[in-house]
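J.: Any chance you could fold what I've pasted below:
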Amino acid sequence: MTPDRVVAAARAFLGTPYRHQGATIGAGCDCLGLLRGVWWALYGVEPMPVPPYRADLRDPLNAGALQAAAELLLLAEDGPLAVGQVVLFRLGSGPPKHCGILLSPTRFIHAQERLGVVEANLTEAWARRLAGRFGFPDHPTSSLGERLDRLGEPGEGALPPH
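T.: Numbers count the residues shown, from 1 in each chain. Model prediction:
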């Protein structure tokens, strides 16, 4: 997927208020909802239903699920930071619990409580929390269906949390 399309879809959410589990431009979204909305804009459908998840960062039930969903649905990327990449952040110890989309190697867009969807600088503090980078695929493939089937298998991360 071209970085310009990803960024344009993400920027359409700017100013949207923060709403836990939301994913609607102008009405409300959280960080996962921002990614879901961009996915809808790029592909027209959501790849899987998203079950309810808690906003509580100490929620052990969903530990690692955001990382697992990113690994399942997106393309892991190495090298320098690049426009259009999905970035995962740790908000303390443990697995990532927050996400955004890079607008440049030094700026990203994300949904933040009390602020809504905003552009932010990728400061040193944010950069230290960076836990992974992923790209949107050119299009969902049939192999995605096979990977989604594994979500129900024991041991697989199934719930993408906030």
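J.: Tell me the secondary structure of residue 42, please.
T.: Secondary structure assignment for residue 42 (DSSP: H, G, I helix; E, B strand; the rest coil): helix.
J.: Identify the residues contacting the residue lying closest to residue 6 once chain neighbours are set aside.
T.: Nearest residue to residue 6, sequence neighbours excluded (Cβ to Cβ, 6 or more residues apart in numbering): residue 84, at 3.8 Å. (Glycine included, C-beta is placed from N, CA and C.) Residues near residue 84 by Cβ atoms under 8 Å, 6 or more residues apart in numbering: 1-7, 101-102, 135-136.
J.: Which entry within those corresponds to the minimum pLDDT?
T.: Of all these, residue 1 has the smallest pLDDT value, namely 87.
J.: Find the nearest non-adjacent residue to it, please.
T.: residue 136 (4.0 Å).
J.: what's near enough to touch the one you found?
T.: So residue 136 contacts 1, 6, 38-39, 42, 74-75, 84, 86 (Cβ under 8 Å, 6+ apart).
J.: Model confidence for residue 142, exactly?
T.: For residue 142, the predicted pLDDT is 41.
J.: low-scoring stretches of this structure, by residue?
T.: 57-58, 141-162 (pLDDT under 70).
J.: What segments of it are strands?
T.: Using DSSP state E, the strands found in the chain span residues 23-24, 28-29, 75-76, 86-89, 98-104, 107-112, 116-121, 130-135.
J.: Skipping adjacent residues, who's closest to residue 64 in space?
T.: residue 95 (4.3 Å).
J.: likewise residue 14?
T.: residue 117 (5.5 Å).
J.: what's the burial count for that neighbour?
T.: Number of residues near residue 117 (other Cβ atoms under 10 Å) recorded here: 27.
J.: can you check residue 63 too?
T.: Burial measure for residue 63: 17 neighbouring residues, criterion other Cβ under 10 Å.
J.: And the residue nearest to it when sequence neighbours are not counted, how close does it get to residue 62?
T.: Distance criterion Cβ to Cβ, 6+ apart; nearest residue to residue 63, sequence neighbours excluded, is residue 95 at 5.5 Å. In this view, residue 95 and residue 62 are 9 Å apart by Cβ to Cβ, to the nearest Å.
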